[in-house]
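Trainee: Below is the sequence, then the predicted model.
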Protein chains: 2
Amino acid sequence: MLTERQKLILRKIVEDYVRSAEPVGSRSISKHVEMELSAATIRNEMADLEEQGYLEQPHTSAGRVPSQQGYRYYVDHLLQLGERLDSQEVAKLKALFSERVDEIEKVAQQTALYLSTFTQYTAVVLGPQVYDNSLRSLQVVPLGEHSAVLLVVTSSGQVHNKTVSFPDDISLAQVEKLVRLLNDKLMGVPIYQMRSRIIEEISHEVARQMRDFEEAQRILDSLLGAFVSDKDGKVYLGGTTNMLLQPEFHNVEKAKSVLSWLENRDSVFKALSRESRTDDSPTVRIGGENELAMLQNCSLVTATYNVSGAPVGVIGIIGPTRMEYGRVIGLLDVLSHEMSKLVTKWYSG
Amino acid sequence: MLTERQKLILRKIVEDYVRSAEPVGSRSISKHVEMELSAATIRNEMADLEEQGYLEQPHTSAGRVPSQQGYRYYVDHLLQLGERLDSQEVAKLKALFSERVDEIEKVAQQTALYLSTFTQYTAVVLGPQVYDNSLRSLQVVPLGEHSAVLLVVTSSGQVHNKTVSFPDDISLAQVEKLVRLLNDKLMGVPIYQMRSRIIEEISHEVARQMRDFEEAQRILDSLLGAFVSDKDGKVYLGGTTNMLLQPEFHNVEKAKSVLSWLENRDSVFKALSRESRTDDSPTVRIGGENELAMLQNCSLVTATYNVSGAPVGVIGIIGPTRMEYGRVIGLLDVLSHEMSKLVTKWYSG
DNA sequence: GTTAGCACTCTTGATCGTTGAGTGCTAATC
DNA sequence: GATTAGCACTCAACGATCAAGAGTGCTAAC
């Protein structure tokens, strides 16, 4: 358990270090206005804090640096939320969401971009993925005799398309008939149930109407692909190269490991979507709290945005462990709520 | 004009430097098997080559480094094409294209990826953009009272979708009616003419049928977006962080400038699409030959792929000026032809 | 409990030879 | 006349040495 004084000192150290990226010494802390203690006293406290694992020393006779545990404590107990969030800034952010939008993807992309320029870190937005999304319409547009584009439009306005080619002995007319049938039967069915519903309930009906079970099965197989392949949600990145601005990534090795990770959107998606909570406040993962090796030097702050309580997407910031947690959490908090509002409005209107 | 001996020496210097990234000295050149001259002679020739602008010296008493002009001469006159292209490698590449594909985008993405891992440079593929593509079908799927998804399916099977929201005082029924009309009128019209055709020919007809010109105009404006926004061809990148492997980009400043440029797909698209020629062989742009400041240290090698003679896309490699031109040109040559074949097959079948 | 003082540690930056690679020039050689 | 051996010279890179400075831990006094 930390004394009030230790908390104050820890806080100052974290904040100093976040600003300067250099180990902070006892003297510089004691110079702070609120601090009425001598350097020697601070030194003693710092030694205690180090013993308890909140601080680390790069080497004897260097200042102290917050440990992972130190950051964790800072985030959990010492952060005065909103303190660092400039109200002007907030207004500016909110303004971004006031414009009428006609493409939700643009908003996601823009959000990532602004967030990254505001923070100088890397921003990620996972595009809205609606789990309770249902089928609005299934359309088929013929291309040739044995190929067609299949379009799946969901209730949230997302479109998945897939070009399918079907066996030579199946005619376009048969496919169209089948699609009409599917449309009747599946309208309003949640996307995630789609596959099983088709298999369990529809196949036999299809077979009955089409008189040939084998044949129907083959067509269905072709069509099913459209529901499978587009499972991957969209990932929007902003300011990936901001990583290079941070002194901790002046080492090209480290920079490369993080940047190559970011290059692969699938892995980013996985990492972020795992964080998806209905929690109201942003989640913070510091350094080694991330499972991925390349994120050991990084912190990941994420917030979900919701539509009527259900999480539909994530926005996040990736930066060095030495991160301005207060500001980032504040920004994500504001933005996730704005996103929620916007997306809700979008889906309902 | 260079003597044969100077050409040989220049070639050796370029090749040595490309391999080692270190200035090459006279002695190391004279040690080459084909070289039967002493270091002193080479030194004299090198001095001449420098005077003529083909070589540069980082400082007195360092070896020589090819100048931009030196690389240019190398690429134009000294390159033995195919020499460095391992036939095994070629076979491997061709194999990638033999699989049956059902999504042309996947192919583009994969090509970029393979190309970058093969070369250790950054690869770019501009997705096929078909100029003689025409409208196959225009579909509208309503979402709410005042929003809908508009789907544009082209004759090549590409699908563009755009969510549009239209003014409050325009009903869904009106939009549907309009879309039906557009479908009738525009089926088979080339995509690139679409916009002008809508404006010039269709508007008045629409207005007549819909009795209210103003209103029709407003809806059309909403819909037109679908044809405009998707003009931007798709850009697929592979191995962006490979840039960091090159010693010339161990300097974080330089790395950042190139990487941030790559981050913005629009600018990449612009730079690459400008290179689009029907030329059969790849184009090479060395260092300052690029207009962009961030590419001054880079070279850009591009090749187009065609469908029946018309260029539809570009594949390219971005790397340091100290690049393995022979290998890269060879690879791009093979790949662009494979792409041409594949895409042609795709469009015709 | 707090602090002044002091010895000690360790990084950082500067200075300074030393080494070695590489050059340019000259004079001898083919 | 072209080629080459030889040699003096240049300069980056490296390592050793040194002083300065920042910071610590400990002790003794307040």
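Mentor: Nice, I can see it. Numbers count the residues shown, from 1 in each chain, chains lettered A, B, ... in the order given.
Trainee: my guess is residue A:246 meets residue A:323, correct?
Mentor: No - using C-beta atoms under 8 Å, residue A:246 is not in contact with residue A:323, being 9.2 Å away. To be clear about C-beta, it is placed using only N, CA and C from the backbone, and glycine gets the same treatment.
Trainee: any idea how far the residue of the stretch 101-250 of chain A at minimum distance from DNA strand D is from chain B?
Mentor: Scanning the stretch 101-250 of chain A for proximity to DNA strand D using C-beta to the nearest atom of the strand identifies residue A:247 as nearest, at 16.1 Å. Applying C-beta to the nearest C-beta, to the nearest Å, the value for residue A:247 to chain B is 10 Å.
Trainee: same question, residue A:63
Mentor: From residue A:63 across to chain B, the span is 25 Å (C-beta to the nearest C-beta).
Trainee: Can you check what pLDDT the model gives that residue?
Mentor: Residue A:63 is assigned a predicted lDDT (pLDDT) of 93.
Trainee: One more: the one 4 residues further on?
Mentor: Residue A:67 is assigned a predicted lDDT (pLDDT) of 97.
Trainee: Domains in chain A, by residue range?
Mentor: Segmentation of chain A into domains, based on automatic domain parsing, reads A:4-78, A:87-129+A:233-348, A:135-231.
Trainee: Pick the most buried one from the ones you listed.
Mentor: Compared across the domains of chain A, domain A:87-129+A:233-348 shows the largest average neighbour count, a mean of 19 (mean count of other C-beta atoms under 10 Å in any protein chain shown).
Trainee: pretty sure residue A:81 contacts residue A:329?
Mentor: Yes - contact criterion C-beta under 8 Å: residue A:81 and residue A:329 qualify, at 6.8 Å.
Trainee: Verify the assumption that residue A:80 is located in a helix.
Mentor: No - membership of residue A:80 in a helix is not supported by DSSP: H, G, I helix; E, B strand; the rest coil, which gives coil.
Trainee: Where does the nearest residue to it once chain neighbours are set aside sit: helix, strand or coil?
Mentor: For residue A:80, ignoring the flanking residues on the chain, the nearest one in space by C-beta to C-beta, 6 or more residues apart in numbering or on different chains is residue A:326 at 7.1 Å. For residue A:326, the assignment made with three-state DSSP gives helix.
Trainee: ok, which residues in chain A are in contact with DNA strand D?
Mentor: Chain A has residues A:23-28, A:39-40, A:43, A:46-47, A:50, A:57, A:60-64 near DNA strand D, with proximity defined as C-beta under 7 Å from any atom of the strand.
Trainee: cutoff 6 Å now
Mentor: Applying C-beta under 6 Å from any atom of the strand, we find that chain A lies next to DNA strand D at A:25-28, A:40, A:43, A:46-47, A:61-64.
Trainee: Dump those to TSV, plus distance to DNA strand C.
Mentor: Below are the residues of chain A next to DNA strand D laid out as TSV (distance: C-beta to the nearest atom of the strand, whole Å):
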residue	distance to DNA strand C
A:25	11
A:26	10
A:27	10
A:28	15
A:40	4
A:43	7
A:46	12
A:47	11
A:61	3
A:62	6
A:63	11
A:64	14
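Trainee: Which members of those are the farthest-apart pair?
Mentor: Using C-beta to C-beta, the residues of chain A next to DNA strand D span at most 17.5 Å, a distance reached by A:40 and A:62.
Trainee: Now distance to residue B:108 too, for the domains of chain A, in a markdown table please.
Mentor: Below are the domains of chain A laid out as a markdown table (distance: least, C-beta to C-beta, whole Å):
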| stretch | distance to residue B:108 |
| --- | --- |
| domain A:4-78 | 41 |
| domain A:87-129+A:233-348 | 15 |
| domain A:135-231 | 14 |
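Trainee: so which of those domains comes closest to residue B:153?
Mentor: Closest of the domains of chain A to residue B:153 is domain A:135-231, at 4.4 Å (criterion: C-beta to C-beta).
Trainee: shaky segments in the stretch 201-349 of chain A?
Mentor: A:206-219, A:221-233, A:347-349 (pLDDT under 70).
Trainee: Is residue A:338 within a helix or a strand, and which one?
Mentor: helix A:325-348 (DSSP states H and E).
Trainee: what does residue A:37 give?
Mentor: Counting by DSSP H and E, residue A:37 is found in no helix or strand.
Trainee: What residues does it make contact with?
Mentor: Going by C-beta atoms under 8 Å, 6 or more residues apart in numbering or on different chains, residue A:37 touches A:5, A:30.
Trainee: Tell me the spacing between the closest residue to DNA strand C within the stretch 201-349 of chain A and residue A:65.
Mentor: Relative to DNA strand C, the nearest point of the stretch 201-349 of chain A is residue A:247 (11.4 Å; C-beta to the nearest atom of the strand). As judged by C-beta to C-beta, to the nearest Å, residue A:247 and residue A:65 stand 13 Å apart.
Trainee: again, but for residue A:263
Mentor: 30 Å.
Trainee: Residue A:202 now?
Mentor: 61 Å.
Trainee: What parts of chain A come near chain B?
Mentor: A:100, A:102-104, A:136-137, A:139, A:141, A:143-144, A:147, A:149, A:151, A:153, A:155-157, A:159, A:161-165, A:239-241, A:244-245, A:249-250, A:252, A:255-256, A:259-260, A:263, A:348-349 (C-beta under 8 Å from any C-beta of the partner chain).
Trainee: Let me know the helix or strand that residue A:145 is in.
Mentor: Judged by DSSP H and E, residue A:145 forms part of no helix or strand.
Trainee: Next, the contact list for the residue nearest to it when sequence neighbours are not counted, please.
Mentor: Excluding its sequence neighbours, the residue lying closest to residue A:145 (C-beta to C-beta, 6+ apart) is residue A:172, at 6.3 Å. Contacts for residue A:172 (C-beta under 8 Å, 6+ apart) come out as A:142, A:145-146, A:148.
Trainee: What segments of chain A are helices?
Mentor: A:4-20, A:26-30, A:39-51, A:68-73, A:87-98, A:104-119, A:172-186, A:191-197, A:203-210, A:213-228, A:252-263, A:265-274, A:325-348 (DSSP state H).
Trainee: Out of the ones you listed, which is closest to residue B:124?
Mentor: The closest of the helices of chain A to residue B:124 is helix A:252-263. By C-beta to C-beta, the value is 13.4 Å.
Trainee: which helices and strands does the closest one pack with?
Mentor: helix A:265-274, helix B:252-263 (3 or more C-beta pairs under 8 Å, 6 or more residues apart in numbering or on different chains; DSSP states H and E).
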